[in-house]
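[1] The following block contains a protein sequence and its predicted model.
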Amino acid sequence: MHFRYRKLLTAGAVTLGLLAGSSTTAQASKPTPPAVPAPAAITPKTTAAQEEAACDAQLKAARDAGSNKPVACASWAEPSATAHRHAAITAWPTPNWCDDHGPNNTWYVTRFKACGVFAADVTVHDVRTGRVTGKMHYLVVAYAYSDYGIERWAYQVELMQVNASGDAVGSSAGGKGTCAGKCKVNDSKFPSQAMSQDKNAVGQFFFDTTIKARPKGDIGNGQGTAHWQFTNPKWAAPTNEITLNTPVVRCDNALPGTSRIGCVMPYIPELVYSKRGDFPELAKHIEYAQNTKHLPGKHGTTKYLTRLTDKAKIKKNRNTACPSRRPRPAGKECDEYPFASTWQGASTGGGHFSWRMIPAAQNRDGGKALGNFYLYNRIIEKDKFLVWIKN
């Protein structure tokens, strides 16, 4: 499952492409923070009680119809350490961190990608006695991604058979994709596909946001769902339906500096400055402000910075921290932290701030890096972020 990811996906005439390194930093030094669990519990729509009720209903329907064929029931399984099989059919390559945690039924997210490995089962029952006559254990590799400048995002589920026995051997899987919230299905491909240890079933979906392009400022959330069932010529009917939601995707037309709509995942990004990089004095000032003055925004904490976009308030923050009456040594400018473009700035943050004179070029170029970070991570009004100072 470890793939180096750089993929362009096309649906109709629209191409989705991820920007390399766009989800983390704005400097030349771009260490990639690890993917983190999605902030809210992302679970299948189907619960154990629903799965049991669906199975009982299928058994009853088959008995009432006088069928002697077995009945198969699909369910989610407990996380396991089982190694999964590689795809034998075309599937989109997943990020190289996708299976780092194994099949633990958890979504992991970055700013533009989400991936997780989920364990599941199909259990076949004798229609009269309920005795188990076959079982398949499989893994679902779920992967979604978006782009900072495109109003479409993609979702893939890859069903990988680990083992099968009895009446579960020779099963096929297929389904569809749906989207809830401010979105609609653009394309849904999940035809019935035979499964074995050499063949996986793959569903691929594209969703479009339905937020408005004009006027500027529209924001909306969408959540894609994959649905699938299993069939087998030995069974009385298909299994019950299994569903898996993506993390919520936010799309907006509210980003300063561009009129393009884009979509992001629920991940709090980090701006990286290095003390050995292009802005060492700026980095040292931020490190001092975070560590000595205990100002917010430090990597590894939940004391976040939140973006401010009101130009008048930004100007007031800057003038409070670095008033024009403060003397500037030759070749230096006044640098403030927290940034003037945050709600934690010198004025809007209640007067808790730090200032320092640093080389003018570092101050200006470091500010441009911050602006690029805002743009390519779609940091909009009141979005949270952190600042990571690297050695």
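    It's in.
[2] In terms of pLDDT, where does the closest residue to Leu308 other than its chain neighbours sit?
    Distance criterion CB to CB, 6 or more residues apart in numbering; nearest residue to Leu308, sequence neighbours excluded, is Trp343 at 4.9 Å. C-beta here means a position set from N, CA and C on the backbone, and glycine is covered the same way. pLDDT for Trp343: 98.
[3] From Pro296, how far off is Trp343?
    As judged by CB to CB, to the nearest Å, Trp343 and Pro296 stand 10 Å apart.
[4] cool, Pro37 as well?
    For Pro37, the distance to Pro296 - CB to CB - is 23 Å.
[5] So for stretch 93-109, mean pLDDT?
    Averaged across stretch 93-109, pLDDT comes to 94.
[6] for that stretch, how far is the first residue from the last?
    From its first residue to its last, stretch 93-109 covers 16 Å (CA to CA, to the nearest Å).
[7] and the helix or strand harbouring Asp208, how far out from the chain's middle?
    Under the criterion of DSSP states H and E, Asp208 resides in strand 201-209. Mean C-alpha position of strand 201-209 versus that of the full chain (CA atoms, centre = their mean, to the nearest Å) differs by 15 Å.
[8] So which elements touch it?
    Packed against strand 201-209, as judged by 3 or more CB pairs under 8 Å, 6 or more residues apart in numbering; DSSP states H and E, are the following elements: strand 152-166, strand 172-181, strand 183-189, strand 193-194, strand 219-231.
[9] can you rerun that using 7 Å?
    strand 152-166, strand 172-181, strand 183-189, strand 219-231 (3 or more CB pairs under 7 Å, 6 or more residues apart in numbering; DSSP states H and E).
[10] Tell me what angle the first one forms with strand 201-209.
    With axes from the mean of the first three to the mean of the last three CA atoms, to 10 degrees defining the directions, strand 152-166 sits at 160 degrees from strand 201-209.
[11] for the third one, same thing?
    Orientation check (the same axes, to 10 degrees): strand 183-189 against strand 201-209 gives 150 degrees.
[12] quick one: strands adjacent to strand 183-189?
    Under the criterion DSSP bridges, strand 183-189 sits next to strand 201-209 (antiparallel) in its sheet.
[13] what's in contact with the partner strand?
    Residues outside strand 201-209 that contact it (CB atoms under 7 Å, 6 or more residues apart in numbering) are 11, 89, 91, 151-159, 173-175, 177, 179, 182-190, 193, 195, 220, 222, 224, 226, 228, 251, 261, 263.
[14] Next: stretch 312-326.
    Stretch 312-326 has contacts (CB under 7 Å, 6+ apart) with Leu308, Cys334, Glu336, Ala340, Ser341, Gly345, Ala346, Ser347, Thr348, Phe353, Trp355.
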